[in-house]
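In: 3D model of this:
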Amino acid sequence: MKRMLLITVVCFSGFSLFAQMQKIKVLTYNIHHGENMKGELDLQGIANVILATNPDLVALQEVDSVTQRTKKSDQLKELAALTGMYTYFAKAMDFDGGGYGTGILSRFPISSGITLPLPTSKGIEPRAAGIIMVKLPGDSLMQFATAHLDAEEHATDRITEAGTLVEYFRQTQTPTILAGDFNAIPSSKEITILKQVFTDATMLMGPTFPADTPRVKLDYIMIHPRHRWSITATRIIEEAVASDHRPVLCEFELK
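Out: Numbers count the residues shown, from 1 in each chain. You can find the predicted model right below:
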């Protein structure tokens with residue numbers, strides 16, 4: 001009787017541990033304001049990638065909000081309508097009658113969100129990270145952030161921006177995913193700085209830009225703190241037309 005009771009307790013504990021594991025699928029995508037490699041505005045093409053990969057969280061870069069360039073389209077709102085997801089827009093700057101920045105799509109309810117300005121030199125395009133807190137099934141919380149670092153050839157501003165992100169997230173023990181177009185190669189100082197806090201889940205991935213003939217890796221998905229995450233799958237999506245970057249997908253288990 002005691003042995004049977006012990007087996008039951010062990011089995012129940014194992015089930016409880018399994019039940020606490022939260023599977024999370026993340027996509028990061030620089031969508032080039034919805035302009036595809038043919039020079040056409042095609043937001044449906046971006047939505048098709050999201051629908052085909054079925055992520056829980058999407059980090060978007062180069063998102064237009066009611067600009068003249070994209071015919072006054074609220075791109076994040078339109079993507080939300082096409083995918084059935086919650087949204088957060090982080091405006092980096094005013095542009096062409098509207099706004100321009102990064103965006104997030106989430107299947108999980110968003111409990112809070114902030115826009116974190118990233119420092120840039122005078123005359124350089126402003127940058128901002130979007131950071132949200134989402135409520136997972138079971139009411140646990142995690143942070144999700146999208147960032148688009150400076151694209152200038154010199155790395156000075158990217159290094160400062162990476163340092164700003166590290167300082168913001170350094171003290172948190174809340175499970176966090178940071179994703180985006182960092183405009184830096186894996187061996188760069190910028191990525192080394194980010195890895196002071198984050199673990200690069202995409203470290204074994206190849207190039208992501210340009211989409212038609214990728215030659216350089218610019219797009220990343222990173223996790224913190226490392227002990228809370230298991231990386232279960234990673235891949236670059238072979239989409240060569242919808243944007244000038246290829247989308248990157250990672251699957252995780254949150255412990």
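In: Okay, helices next: where are they in the protein?
Out: Along the chain, counting by DSSP state H, helices occupy 2-20, 43-53, 75-83, 156-169, 189-194.
In: And the third one, what's buried?
Out: So the one you mean is helix 75-83. By neighbour count on 16 or more other C-beta atoms under 10 Å, the buried set for helix 75-83 is 75-76, 78-80, 82-83. In short, each C-beta sits where N, CA and C put it, glycine included.
In: what's the angle from that helix to helix 43-53?
Out: Going by axes from the mean of the first three to the mean of the last three C-alpha atoms, to 10 degrees, helix 75-83 is angled at 50 degrees with respect to helix 43-53.
In: Mind checking the pLDDT average for helix 75-83?
Out: Averaged over helix 75-83, pLDDT sits at 97.
In: what's the offset of it from the middle of its chain?
Out: The chain centroid and the centroid of helix 75-83 are separated by 16 Å, computed with C-alpha atoms, centre = their mean, to the nearest Å.
In: cool, the second one as well?
Out: Offset of helix 43-53 from its chain centre (C-alpha atoms, centre = their mean): 15 Å.
In: Check what contacts that helix and list those residues.
Out: The contact list for helix 43-53, computed with C-beta atoms under 8 Å, 6 or more residues apart in numbering, reads 25, 27, 29, 31, 34, 36, 58, 73, 75, 78-79, 82-83, 105, 237, 239, 241-243, 247, 249.
In: Of those, grab the buried ones for PyMOL.
Out: In PyMOL syntax, the buried subset of the contacts of helix 43-53 is picked out as below (16+ other C-beta under 10 Å):
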select buried, resi 25+27+29+31+34+36+58+73+75+78+79+82+83+105+237+239+242+243+247+249
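In: Who are the contact partners of Arg246?
Out: Residues near Arg246 by C-beta under 8 Å, 6+ apart: 208-209, 211, 214, 219, 236-240.
In: between these, which is nearest Thr146?
Out: Asp219 (11.1 Å; C-beta to C-beta).
In: Leu249 is in contact with that closest one, correct?
Out: No. Assessed by C-beta atoms under 8 Å, Asp219 is found out of contact with Leu249, at 10.6 Å.
In: Next one: Thr207 relative to Ile114, how far apart?
Out: Wrong residue type there; residue 207 is Pro, not Thr. Separation of Pro207 from Ile114 (C-beta to C-beta, to the nearest Å) stands at 32 Å.
In: now swap in Ser187 and tell me
Out: 31 Å.
In: Of the two, which one has the most company?
Out: Taking neighbours as other C-beta atoms under 10 Å, Ser187 and Ile114 compare with Ile114 leading, 14 against 7.
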